[in-house]
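Student: This is a predicted model, with the sequence first.
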Amino acid sequence: MLAFLSYVASRENYVFVASQYRGNDGGEGREEFGGSDINDVLNLIPMLESLPFVDPNKIAMVGFSRGGMMTYIAVTMTDKIKAACVVGGITDLIQWYNERSDMRPILIGLIGGAPEEIENEYIKRSAYHWPEKINTPVLILHGGADWRVNVDQAEKLANKLEGLGKTYELVVYPGGSHELSENVQDVLNRISVWFENYLQ
């Protein structure tokens, strides 16, 4: 993430800001893994708009892993994000809960229960269940060998976006890991081109 920010900022003359979710590192409030903590992301927009050296009509968003889930949610809540990129993002939190037994206690603690108890809370965080709400051009990058977030999460959402005629691109890197560390240069180039195309 930091490598991407520094690379693109220097090459493309972009301004980057990042959120710290509530309840982390001594911050106030309680993290909810895509609940009200989405406001910690959305509140960056008026901050950007207040900066005299930022063009408020050219705001984009990048989300990695859980941040990808937050990106999908964010673009449904504002039309000010003109382009988005998701790397290794979660699109179906119920599937993720079922596949990642190690994460279940964490999700139960942050969200307030298991999917069978509060299914709607998991659906609200899962773009797979509401692709019609995604109107921002989104670049989806995923590693084919990602064990943290199965690649079929990206593929399932892409199929739905395709059926709805949404503007998106899916790139799957065969053998690629969750971080796509083996494909950094291509990832950086693709994100840069995506933003160039949709921030004009």
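Tutor: Sure, I can see it. Given the structure is predicted, the values throughout are model-derived calculations rather than measurements. Numbers count the residues shown, from 1 in each chain.

Student: Reduced to three states, what does the most centrally placed residue in the chain come out as?
Tutor: Residue closest to the mean C-alpha point of the chain, counted by C-alpha atoms, centre = their mean, is residue 68 at 1.7 Å. In terms of secondary structure, residue 68 is helix; the call rests on DSSP: H, G, I helix; E, B strand; the rest coil.

Student: Please name the residues that touch it.
Tutor: In this structure, residue 68 makes contact with 86-91, judged by C-beta atoms under 8 Å, 6 or more residues apart in numbering. All C-beta atoms are positioned from the backbone trio N, CA, C, and that covers glycine.

Student: again, only this time at 10 Å
Tutor: The contact partners of residue 68, taken as C-beta atoms under 10 Å, 6 or more residues apart in numbering, are 61-62, 84-91, 127, 138, 140-142, 149, 153-154.

Student: State the pLDDT value of it.
Tutor: Residue 68 is assigned a predicted lDDT (pLDDT) of 96.

Student: rewinding a little: what about the contacts of residue 68, which are in strands?
Tutor: In strands, judged by DSSP state E, the following of the contacts of residue 68 are found: 61-62, 84-87, 138, 140-142.

Student: Just the buried residues from those residues, in PyMOL please.
Tutor: The following PyMOL command selects only the buried members of those, with burial defined by 16 or more other C-beta atoms under 10 Å:
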select buried, resi 61+62+84+85+86+87+138+140+141+142
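
Student: Looking at the ones in strands among the contacts of residue 68, spot the one nearest residue 72.
Tutor: Taking C-beta to C-beta as the measure, residue 86 is the one of these closest to residue 72, at 6.8 Å.

Student: how near is that closest one to residue 50?
Tutor: Distance, residue 86 to residue 50, using C-beta to C-beta, to the nearest Å: 27 Å.

Student: go on, residue 143?
Tutor: Here the distance between residue 143 and residue 50 works out to 37 Å (C-beta to C-beta).

Student: Specify which residue of the two has the higher count of neighbours.
Tutor: Neighbours were tallied for residue 143 and for residue 50 using other C-beta atoms under 10 Å; the higher tally belongs to residue 143 (25 against 9).

Student: tell me, how many neighbours does the residue nearest to the more buried one when sequence neighbours are not counted end up with?
Tutor: The shortest distance from residue 143 to any residue that is not its chain neighbour, by C-beta to C-beta, 6 or more residues apart in numbering, is 2.9 Å, and that residue is residue 176. Residue 176 has 22 neighbours, counted by other C-beta under 10 Å.

Student: element containing residue 176, please.
Tutor: Taking DSSP states H and E as the criterion, no element holds residue 176; it sits outside all helices and strands.

Student: Do you know the pLDDT at it?
Tutor: The predicted structure scores residue 176 at 97 on the pLDDT scale.

Student: Could you do residue 192 as well?
Tutor: For residue 192, the model assigns a pLDDT of 88.

Student: All good on my end, thank you.
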